[in-house]
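> Give me the fold of what follows.
(2 chains)
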Number of protein chains: 2
Amino acid sequence: MRHFEEQLDELRNRLLEMSGLVESAVYRSVHAVVNRDEDLARGVMDNEARVNEMEMAIDDMAVRLLALEQPVAVDLRLITAAIKINSDLERMGDLAVSIAERALSLMHEPSVNAQIDIPYMATLVESMVRKSLDSFVKRDSDLARNVLTSDDAVDSLRNGIYKEMVRFMEENPGSIPQALSLIFVARNLERIADHATNIAEDVLFLVEGIDVRHHAEART
Amino acid sequence: MRHFEEQLDELRNRLLEMSGLVESAVYRSVHAVVNRDEDLARGVMDNEARVNEMEMAIDDMAVRLLALEQPVAVDLRLITAAIKINSDLERMGDLAVSIAERALSLMHEPSVNAQIDIPYMATLVESMVRKSLDSFVKRDSDLARNVLTSDDAVDSLRNGIYKEMVRFMEENPGSIPQALSLIFVARNLERIADHATNIAEDVLFLVEGIDVRHHAEART
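Okay, the predicted model is just below:
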């Protein structure tokens, strides 16, 4: 068996690879909505099996490391964090699939003629996914805090889109299903951001031993 | 230090206690929506701190058991499952709080005069929460499979509510915000059911070693 440190490196690298897949799925699902691109949406859905396989392989690896190496202290915390991060990434992948499904249903409906910030929100969320994993791999607590700050911006974008869409629906009752789909896309992006926030919180706990999960005041 | 088996029992009991709190939060949040009961809604929000404390205490206990007892095989799987179940329960608690928040915002709006199945959906979801934890504590795979079956019923109820609300909004554009809130309540209930399903899948893996997470065909 290889050295324990090498295996921890491999665990980190696999999580990084999985986050790359998830980030690209988020990007493509949103562009499928905005550009009405069916191939992009199908690509996200085809990709799901790969994300699921990676999740199971990473989970198996982490549990095997716990069993065989019986790590303590920092290494133990690292592996339990990896198990949680893995689960967060897999759920982000599921949410990108939900966005791709919305893209497909929107594709054959008249487009919604309203000013909405979904592409900007998506860019912010993608960067949160990337930063949260970078903060884990580099053990960078500043980067993790940066993710927590972005989460507030995402929430306020989501609220803006919601209000805009309610106004649009009131004026265009015939377009309610399309506007609802866009609300759900924004909602799914917000949930992806929440998972990136979970990861950043795990990183802060790992690096600084601070439990920020339920203490807003410790997050600043 | 007490015997390891006793500590595992305590871990199970704490998860059971937490699921009782979460189940009651789901019940009260939905009744706050249906009966416009502000006290019930506030109660759910006050309860959140307790659920969060329990989550952190259970997480600490599980990681301490991993570190000090260095369990293998079945016990290791049990503890890693407990970590995941704990996280699912905490998220269900958050979703009940979201429903309570919707209850408060709906309380001061004219009520939506439409036939909706939210109370029935809530009853089904509460029973899924209870059964998923019972299946964990009793290692009962039949009960776990029963949860997976209910999840399909919840999805179809949610779709029915969604369609009903779209029709209602098209006919009553002045009531769009209230109808949207009810759509989000149904959506949050569906997400609580998804977390119960995650728990049931973890139990099946724990008891039978079958990984049903991404294999629909193994769920029957």
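> how many degrees apart are the longest helix along chain A and helix B:73-107 in direction?
As assigned by DSSP state H, the longest helix anywhere in chain A is helix A:73-107. Interaxial angle of helix A:73-107 relative to helix B:73-107 (axes from the mean of the first three to the mean of the last three CA atoms, to 10 degrees): 50 degrees.
> Report the mean confidence score over helix A:73-107.
Averaging pLDDT along helix A:73-107 yields 92.
> Show me what that helix packs onto, helices and strands only.
Helices and strands touching helix A:73-107, by 3 or more CB pairs under 8 Å, 6 or more residues apart in numbering or on different chains; DSSP states H and E, are helix A:4-35, helix A:38-69, helix A:118-138, helix A:176-208, helix B:38-69, helix B:73-107. To be clear about C-beta, it is placed using only N, CA and C from the backbone, and glycine gets the same treatment.
> Point out the residues in chain A that sit beside chain B.
A:49, A:52-53, A:55-56, A:63, A:66-67, A:70, A:72-73, A:76-77, A:80, A:83-84, A:87, A:166, A:169-170, A:173-174, A:176-177, A:180, A:183, A:211, A:213-214 (CB under 8 Å from any CB of the partner chain).
> Name only those of the residues you listed that count as buried.
For the residues of chain A next to chain B, a burial check counting by 16 or more other CB atoms under 10 Å in any protein chain shown picks out A:52, A:55, A:63, A:66-67, A:70, A:76-77, A:80, A:83-84, A:87, A:169-170, A:176-177, A:180, A:183, A:213.
> where are the low-confidence patches of chain A?
Applying pLDDT under 70 to chain A flags residues A:1-2, A:115, A:210-220.
> ok, now with 50
For chain A, applying pLDDT under 50 flags the ranges A:220.
> neighbours around the residue lying closest to A:Ile199 once chain neighbours are set aside, how many?
Nearest non-adjacent residue to A:Ile199, counting by CB to CB, 6 or more residues apart in numbering or on different chains: A:Ser132, 4.0 Å away. Under the neighbour criterion other CB atoms under 10 Å in any protein chain shown, A:Ser132 is assigned a count of 30.
> Contact partners for A:Ser132?
Counting by CB atoms under 8 Å, 6 or more residues apart in numbering or on different chains, A:Ser132 touches A:Ser19, A:Ala144, A:Val147, A:Ala196, A:Thr197, A:Ile199, A:Ala200, A:Val203.
> could you redo the last one with a cut-off of 7 Å?
Applying CB atoms under 7 Å, 6 or more residues apart in numbering or on different chains to A:Ser132 gives the contacts A:Val147, A:Ala196, A:Ile199, A:Ala200.
> From B:Ala62, how far off is the closest residue to A:Asp194 other than its chain neighbours?
In space, and not counting its chain neighbours, A:Asp194 is closest to A:Asp151: 7.2 Å by CB to CB, 6+ apart. The gap separating A:Asp151 from B:Ala62 is 26 Å, by CB to CB, to the nearest Å.
> Which one's more surrounded, those two?
Between A:Asp151 and B:Ala62, B:Ala62 has the larger neighbour count (other CB under 10 Å), namely 24 against 19.
> wait, what's in contact with that one?
Here B:Ala62 is in contact with B:Leu11, B:Ile79, B:Ala82, B:Ile83 (CB under 7 Å, 6+ apart).
> can you rerun that using 10 Å?
A:80, B:7, B:11, B:14-15, B:78-86 (CB atoms under 10 Å, 6 or more residues apart in numbering or on different chains).
> Quick check: ChimeraX command selecting the buried ones in these.
To isolate the buried subset of these in ChimeraX, counting by 16+ other CB under 10 Å, use the following:
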select /A:80 /B:7,11,14,15,78,79,80,81,82,83,84,85,86
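> tell me the two of the contacts of B:Ala62 that are most distant?
Longest distance between any two of those is 18.4 Å, between B:Gln7 and B:Lys84; criterion CB to CB.
> coming back round to it: tell me how far the residue nearest to A:Asp194 lies from chain B.
Distance of A:Asp151 to chain B, computed by CB to the nearest CB, to the nearest Å: 14 Å.
> Show me what counts as buried in the host helix or strand of that residue.
Element membership of A:Asp151 [criterion: DSSP states H and E] is helix A:141-171. The neighbour-count criterion (16+ other CB under 10 Å) identifies A:141, A:143-148, A:150-151, A:154, A:157-158, A:161-162, A:164-165, A:168-170 as the buried residues of helix A:141-171.
> Please name every helix or strand in contact with that helix.
Other elements packing on helix A:141-171 under the criterion 3 or more CB pairs under 10 Å, 6 or more residues apart in numbering or on different chains; DSSP states H and E are helix A:118-138, helix A:176-208, helix B:141-171, helix B:176-208.
> Figure out which of those helices is closest to B:Ala41.
helix B:176-208 (11.8 Å).
> Just name whatever secondary elements the closest one is in contact with.
With contacts defined as 3+ CB pairs under 10 Å, 6+ apart, helix B:176-208 has these neighbours: helix A:73-107, helix A:141-171, helix A:176-208, helix B:4-35, helix B:73-107, helix B:118-138, helix B:141-171.
> mind giving me CSV with these and columns for distance to A:Met121?
Formatted as CSV, the helices and strands packed on helix B:176-208 follow (distance: least, CB to CB, whole Å):
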stretch, distance to A:Met121
helix A:73-107, 11
helix A:141-171, 5
helix A:176-208, 5
helix B:4-35, 28
helix B:73-107, 19
helix B:118-138, 29
helix B:141-171, 23
